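Trainee: for reference, the sequence and a predicted model appear below.
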Amino acid sequence: MVVSGWRPADRTTWVMETFWVILGVPLVLLVWRRFPLTGLLCWLLALHALVLAVGGHWTYAEVPAGDWVRDTFGLSRNPYDRLGHLTQGVVPAVLVRELLVRTSPLRGSRWLAPLTVCACLAFSAFFELIEWWAALVGGHSADAFLATQGDVWDTQWDMFCCLIGAVLSVLVLSRPHDRALVSLASRTADGGRTRDGDGDGDGAKAPGGRREPVGV
């Protein structure tokens with residue numbers, strides 16, 4: 001984030017693009033002891049933060065790697081923002097799924113996957129509303145944040161990329177995520193036994209005298 005924030009192309013755009021990282025990192029650290037995240041989710045959040053930081057530094061329409069892809073494959077626009085919105089589906093899908101599995105009755109439910117995708121698509125739509133509000137307030141000064149690159153269907157493409165990312169995430173990452181959740185539960189339970197010395201842990205008591213780890 002320090003490197004990303006060093007002389008960005010547009011300071012206002014950088015703040016708006018990296019706001020979720022600036023907000024999210026302290027929040028994760030604040031709740032970590034009570035609600036640690038799986039390793040898979042942490043790696044994905046770090047990847048998403050990198051995508052946001054790079055886009056925020058150069059603006060999504062001017063990321064050099066995207067320019068190279070555009071020129072090499074003869075595309076009409078810098079595709080980096082498409083990657084950003086695809087990631088906006090992949091990573092939040094695992095985040096939403098983890099929250100639903102650990103805090104709701106949806107664990108093992110057939111509704112878990114579709115509701116995860118719907119939550120990601122809803123956030124994507126809300127993000128497009130933020131871009132609209134930014135355009136109303138900032139006028140042409142918000143062009144770098146919008147990164148439409150002259151595409152009148154940019155909003156629809158953004159949400160479609162998010163939808164594809166969320167669906168792919170649910171299809172490909174659900175089983176690895178389930179294994180990561182089991183591993184987290186085991187580590188949390190072992191940590192509770194180590195702290196208490198008698199196996200009680202900090203979690204709520206489950207049938208048979210076993211305690212479930214907090215938040216898992």
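Mentor: Yep, it's here. In this text the structure is predicted, and so the values were computed from the model without any measurement.

Trainee: the helix or strand hosting Asp158 - contacts with which helices or strands?
Mentor: For Asp158, the host element (DSSP states H and E) is helix 154-196. Contact partners of helix 154-196 among helices and strands, from 3 or more C-beta pairs under 8 Å, 6 or more residues apart in numbering; DSSP states H and E: helix 39-58, helix 80-103, helix 112-138, strand 211-212. From N, CA and C alone the C-beta is placed, and that goes for glycine too.

Trainee: ranking the ones you listed by burial, who's on top?
Mentor: helix 80-103 (a mean of 22; mean count of other C-beta atoms under 10 Å).

Trainee: so what does that helix touch, helix or strand wise?
Mentor: Against helix 80-103 (3+ C-beta pairs under 8 Å, 6+ apart) you get helix 39-58, helix 64-73, helix 112-138, helix 154-196.

Trainee: what mean pLDDT does stretch 2-18 have?
Mentor: For stretch 2-18, the mean per-residue pLDDT is 85.

Trainee: apologies, that question was intended for stretch 119-135.
Mentor: Rounded mean pLDDT across stretch 119-135 is 87.

Trainee: contact partners of that stretch?
Mentor: 16, 85, 88-89, 92-93, 96, 142, 145-146, 155, 158-159, 162-163, 165-166 (C-beta atoms under 8 Å, 6 or more residues apart in numbering).

Trainee: hang on, the earlier thing: need the helices and strands packed on helix 80-103 in TSV (columns: distance to Leu30).
Mentor: Shown next, in TSV, are the helices and strands packed on helix 80-103 (distance: least, C-beta to C-beta, whole Å):
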stretch	distance to Leu30
helix 39-58	15
helix 64-73	33
helix 112-138	21
helix 154-196	18
